[in-house]
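I would like the atomic coordinates for the input below:
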Amino acid sequence: MDAGRLEQQVLSVERGIAFLKQEHVVMLTGLQMEITHLKRRCHELSCELDSRFPERNTAEAEAELAARCEAAECLLRDQQCMIVTTRGELRAGRARASALGRSLREEERHFLEELKRRSHQITLLSRELQRQNVTTTTLCHELHSARLKLFQQRQCTDSVAEREGEPRGKEEEKEEEEEEDEDDDGEGSEWLLSPPPPER
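Numbers count the residues shown, from 1 in each chain. Here you go, the predicted model:
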């Protein structure tokens, strides 16, 4: 950087400093005039106040202002205490709500576990019932087959006896009459006409 350019920059800075000093002097002069004006205005207002309220006592006014300030401070302290109490109640309410939420979640978990346990029991009972139904159906089919076989054996025995022409004794006739009476009193041969129980 050459000396001529450096000198120009120094002169520019000096001019800026001189301008700022001048602006500073103007601002100070204006502030001093404003302070003087405010002092004069304050004196005028004080004189006007004294002329309007000649019985006013400065000490009494200061005491009144002090009392008002103390009352405002008391009110502020009460409000702060109320805020602290409200915050405590809010924290307690949040704690109760959190405890209630945990209790509800615990109850929900127990309820779901109980529901799963009962559902499992219902499933086991349903399987057991289905197994018993299958067993019952099988037994009914076996009973029906046994009755049919017994009936066929009786018919075969009766037809063989009739073909051979064997005379029947009194005891056989009596037994046949008893069987006929039982057939009349009981189901008879109607069970042969009924279909076997359906398979489940």
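
What mean pLDDT does the one helix or strand residue 72 maps to get?
Assigned by DSSP states H and E, residue 72 belongs to helix 58-164. Per-residue pLDDT values over helix 58-164 give a mean of 88.

now it, how far from the chain's geometric center?
Between the centre of helix 58-164 and the centre of its chain there are 14 Å (Cα atoms, centre = their mean, to the nearest Å).

which helices and strands sit right next to that helix?
helix 190-193 (3 or more Cβ pairs under 8 Å, 6 or more residues apart in numbering; DSSP states H and E). Quick note: C-beta positions are derived from backbone N, CA and C, even for glycine.

Could you report the neighbour count for residue 89?
Using other Cβ atoms under 10 Å, residue 89 is surrounded by 10 other residues.

wait, I meant residue 137
Residue 137: 15 neighbours (other Cβ under 10 Å).

before we move on, what about residue 147?
So residue 147, with other Cβ under 10 Å, has 14 neighbours.

Check the gap between it and residue 113 for me.
51 Å (Cβ to Cβ, to the nearest Å).

Please apply the same query to residue 143.
Distance from residue 143 to residue 113, by Cβ to Cβ: 45 Å.

Look up how far residue 33 lies from residue 22.
From residue 22 to residue 33 the distance is 17 Å (Cβ to Cβ).

And for residue 105?
Taking Cβ to Cβ, one finds residue 105 at 75 Å from residue 33.

quick one: contacts for residue 63?
By Cβ atoms under 8 Å, 6 or more residues apart in numbering, the contact list for residue 63 is empty.

Report the separation between it and residue 10.
Counting by Cβ to Cβ, the gap from residue 63 to residue 10 is 64 Å.

same thing with residue 98?
72 Å.

swap in residue 97?
In terms of Cβ to Cβ, residue 97 sits 73 Å off from residue 10.
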